[in-house]
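Student: next come a sequence and a model predicted from it.
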Amino acid sequence: EVQLVESGGGLVQAGGSLRLSCAASGFSLENYAIGWFRQAPGKEREGVSCMSRSIGFTHYADSVKGRFTISSDSGKNTVYLQMNSLKPEDTAVYYCAASRGSYYCENYVLYEYDYWGQGTQVTVSS
């Protein structure tokens, strides 16, 4: 069964850190573009960061650049999102998604992503 499972969300104070994990099963992340998205209440889902490991490409939305870091562990078939200096405006449900192929993923086109996780809540208090 193909599955993406996120974990690591929670409640943190502003300025704190969290690390989200996205574990894949049923397929290898090696030849996929992986995106992290988030959706706050009443807002559209937006791309936060993405990577295409096989071509060495990573991208960050301007709103998180310098604070968030995407990484992967091929042995664990897992992608991470390290989130530092968190702000209340980072509060959202965070999703990881996988898109077949290795490409420059900075446009965060939702329909290009084949598999989605269930989401993990991140809440940043002020």
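Tutor: All right, it came through fine.
Student: OK, contacts around the residue nearest in space to the middle of the chain?
Tutor: Central residue of the chain (CA atoms, centre = their mean): W36, 2.2 Å from the mean position. Taking CB atoms under 8 Å, 6 or more residues apart in numbering, we find W36 in contact with 20, 22, 47-50, 70, 79, 81, 94-97. In this view, the C-beta of every residue, glycine as well, is placed from N, C-alpha and C.
Student: what do you get for G9?
Tutor: L18, L20, Y94, T120, Q121, V122.
Student: excluding its backbone neighbours, what's nearest it?
Tutor: T120 (3.4 Å; CB to CB, 6 or more residues apart in numbering).
Student: about what we covered before: can you select the buried ones from the contacts of G9 in ChimeraX?
Tutor: Selecting the buried subset of the contacts of G9 in ChimeraX, with 16 or more other CB atoms under 10 Å as the burial test, is done by:
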select :18,20,94,120,122
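Student: for Q13, list each beta-bridge partner.
Tutor: On the basis of DSSP bridges, Q13 takes part in beta bridges with S125.
Student: from A97, how far out is A24?
Tutor: 11 Å (CB to CB, to the nearest Å).
Student: just the contacts of G9: which are in strands?
Tutor: If you go by DSSP state E, these have L18, L20, Y94, T120, Q121, V122 in strands.
Student: now those in JSON lines, with distance to G8 and pLDDT?
Tutor: Formatted as JSON lines, the ones in strands among the contacts of G9 follow (distance: CB to CB, whole Å; pLDDT from 0 to 100):
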{"residue": "L18", "distance to G8": "6", "pLDDT": "98"}
{"residue": "L20", "distance to G8": "4", "pLDDT": "98"}
{"residue": "Y94", "distance to G8": "9", "pLDDT": "98"}
{"residue": "T120", "distance to G8": "6", "pLDDT": "97"}
{"residue": "Q121", "distance to G8": "10", "pLDDT": "98"}
{"residue": "V122", "distance to G8": "9", "pLDDT": "98"}
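Student: of these, just say which sits nearest to V5.
Tutor: Distances from V5 to the ones in strands among the contacts of G9, taken as CB to CB, are shortest for T120 (9.2 Å).
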